[in-house]
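Asks: missing the sequence, but the structure's below:
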């Protein structure tokens, strides 16, 4: 079933008093950087701290009384589940929600709190797709109504209300809109609404480690990714939807990928400059600016900050991934002579004045002349790496750089 602008308008009416009309805020940091007017659509301030409640409520509220009596079931990496949980409690509908094990604990606890006695949370599988398969089996077994997180015309129409609010806030359509992409529901809904404004460029930003929409557009059909980085859990989907792909292929100008490390750097920038606690998926759109998405001076730009459900326990990994991406953190395997003064010589002859050792793991082997150590070094600026590598080459020590992406590197980061 095709999604229309009228569907989105009707969804906006249903959501009145349920979903918040989230603010559109100017980012002084990004506006100054690009010489443009860069606005942030703050869906991290939405009920459930994500735009997902829009699609969930629009779908469930449109069900018949008989369908509601059977209950609903869904799968989610976290945010859609919160939207469904809130919807179930608001409408008095029983729900069962499947989430993968990778869903942060903070999100799982929030789902249970929002749904109260109306929902049951089931942890199943390591990815969203495995949880979705379990939810589909459940629907087929006991007749519960599935509430898809993206590939349903009612979900898409609900997500499209984000774009309707953007144009209403501004009083006109911006020159560029950038939205995060997982399964494509928000992208598709935004595309349908902005189709009446052909002068607006629409770009979708997805994580490089889970670029399912880019893969689907290249093949002309949804495809399953063989490998997937689930760090950007709110947008880590192995395969996009059929409906969302059909809309994106017709109406979206560009879909770009953003490295997870760049997302981490933007999460930190959003926090330090704007005071926004964004989850990884929530930082995708702004992370794409200037990297994969060009911004013309003097234009108006809107980036959707899609969610703020971030577990604070993850910030150590966020900082680490950011430092690696910025070229400020590096790891090496160093063979030290097992004799007094070996570490001192390394510090004096190899380490630069502003270089900092952040990791040193070494176990002495009594039956060997040398012993390996894993050494993590943080630089003051990325240009310092060349000098460090030159000093390492001149050193009599055997030093091997641990390349990003290698199995050993992935154990460290």
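Replies: Okay, I see it. Since we're looking at a predicted model, the values are computed, not measured.
Asks: from residue 120, how far off is the spatially most central residue of the chain?
Replies: Central residue of the chain (Cα atoms, centre = their mean): residue 281, 2.0 Å from the mean position. From residue 281 across to residue 120, the span is 25 Å (Cβ to Cβ, to the nearest Å). Where you see a C-beta, it was placed from the backbone N, CA and C, and this is true even at glycine.
Asks: go on, residue 133?
Replies: On the measure of Cβ to Cβ, residue 133 and residue 120 end up 18 Å apart.
Asks: repeat that for residue 388.
Replies: 54 Å.
Asks: kindly report the same for residue 264.
Replies: Per Cβ to Cβ, residue 264 is found 33 Å from residue 120.
Asks: same question, residue 394
Replies: Residue 394 is 63 Å from residue 120, by Cβ to Cβ.
Asks: so for the two, which residue has more residues nearby?
Replies: Between residue 394 and residue 120, counted using other Cβ atoms under 10 Å, residue 120 has the larger neighbour count: 14 against 10.
Asks: name the element that one belongs to?
Replies: strand 119-123 (DSSP states H and E).
Asks: just how off-centre is that strand within its chain?
Replies: Computed by Cα atoms, centre = their mean, to the nearest Å, the separation of strand 119-123 from the middle of its chain amounts to 23 Å.
Asks: show me what that strand is packed up against.
Replies: With contacts taken as 3 or more Cβ pairs under 8 Å, 6 or more residues apart in numbering; DSSP states H and E, strand 119-123 sits against helix 79-91, strand 95-99, helix 105-115.
Asks: all strands for the chain, in order.
Replies: For the chain, strands defined by DSSP state E occupy the ranges 24-26, 37-42, 72-75, 95-99, 119-123, 145-146, 176-180, 201-207, 254-258, 300-305, 329-337, 356-362, 370-378, 398-401.
Asks: closest one to residue 273 among those strands?
Replies: With respect to residue 273, and counting by Cβ to Cβ, the nearest of these is strand 37-42 at 11.0 Å.
Asks: number of residues surrounding residue 37?
Replies: Residue 37: 17 neighbours (other Cβ under 10 Å).
Asks: that one: what's it in contact with?
Replies: 26, 31, 299-301 (Cβ atoms under 8 Å, 6 or more residues apart in numbering).
Asks: would you point out the most distant pair within those?
Replies: Checked with Cβ to Cβ, the contacts of residue 37 reach their widest spread between 26 and 299, with 13.7 Å between them.
Asks: can you pull out the helices in the stretch 201-350 of the chain?
Replies: Taking DSSP state H, counting those that start in this stretch to define them, one finds helices in the stretch 201-350 of the chain at 212-219, 242-251, 260-269, 284-288, 315-325, 342-349.
Asks: mind listing what's buried in the first one?
Replies: Residues of helix 212-219 classed as buried: 212-217 (neighbour count, 16 or more other Cβ atoms under 10 Å).
Asks: what's the answer for the last one, then?
Replies: Neighbour counts using 16+ other Cβ under 10 Å place 342-343, 346 of helix 342-349 among the buried residues.
Asks: got any ranges where this structure has weak pLDDT?
Replies: Where the chain drops to pLDDT under 70, the residues are 364-367.
Asks: show me what the helix ranked longest in it is packed up against.
Replies: When the chain is parsed with DSSP state H, its longest helix is helix 153-170. Helices and strands touching helix 153-170, by 3+ Cβ pairs under 8 Å, 6+ apart, are helix 5-14, strand 24-26, strand 37-42, helix 52-61, strand 176-180, helix 185-194, helix 242-251, strand 300-305.
Asks: try 7 Å
Replies: In terms of contacts (3 or more Cβ pairs under 7 Å, 6 or more residues apart in numbering; DSSP states H and E), helix 153-170 is packed against helix 5-14, helix 52-61, helix 185-194, helix 242-251.
Asks: let's have those helices in TSV, adding distance to residue 326 and mean neighbour count.
Replies: Output for these, formatted as TSV (distance: least, Cβ to Cβ, whole Å; neighbours: other Cβ atoms under 10 Å):
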stretch	distance to residue 326	mean neighbour count
helix 5-14	39	18
helix 52-61	31	29
helix 185-194	28	30
helix 242-251	31	20
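Asks: right, so of these, which gets closest to residue 308?
Replies: Go through the helices and strands packed on helix 153-170 one by one with Cβ to Cβ and the one that ends up closest to residue 308 is helix 52-61, at 12.0 Å.
Asks: pretty sure residue 186 sits against residue 50.
Replies: No. The criterion here is Cβ atoms under 7 Å, and residue 186 misses it with residue 50 at 10.1 Å.
Asks: follow-up on the earlier one: among the helices of the stretch 201-350 of the chain, which is nearest residue 109?
Replies: Checked against Cβ to Cβ, the stretch from the helices of the stretch 201-350 of the chain lying closest is helix 315-325, at 17.6 Å.
Asks: run the angle between the closest one and strand 370-378 for me.
Replies: Going by axes from the mean of the first three to the mean of the last three Cα atoms, to 10 degrees, helix 315-325 is angled at 90 degrees with respect to strand 370-378.
Asks: give me the contacts around helix 315-325.
Replies: 259-262, 264-265, 267-268, 329, 378, 404, 413 (Cβ atoms under 7 Å, 6 or more residues apart in numbering).
Asks: could you rerun that using 6 Å?
Replies: 261-262, 264-265, 267-268, 329, 413 (Cβ atoms under 6 Å, 6 or more residues apart in numbering).
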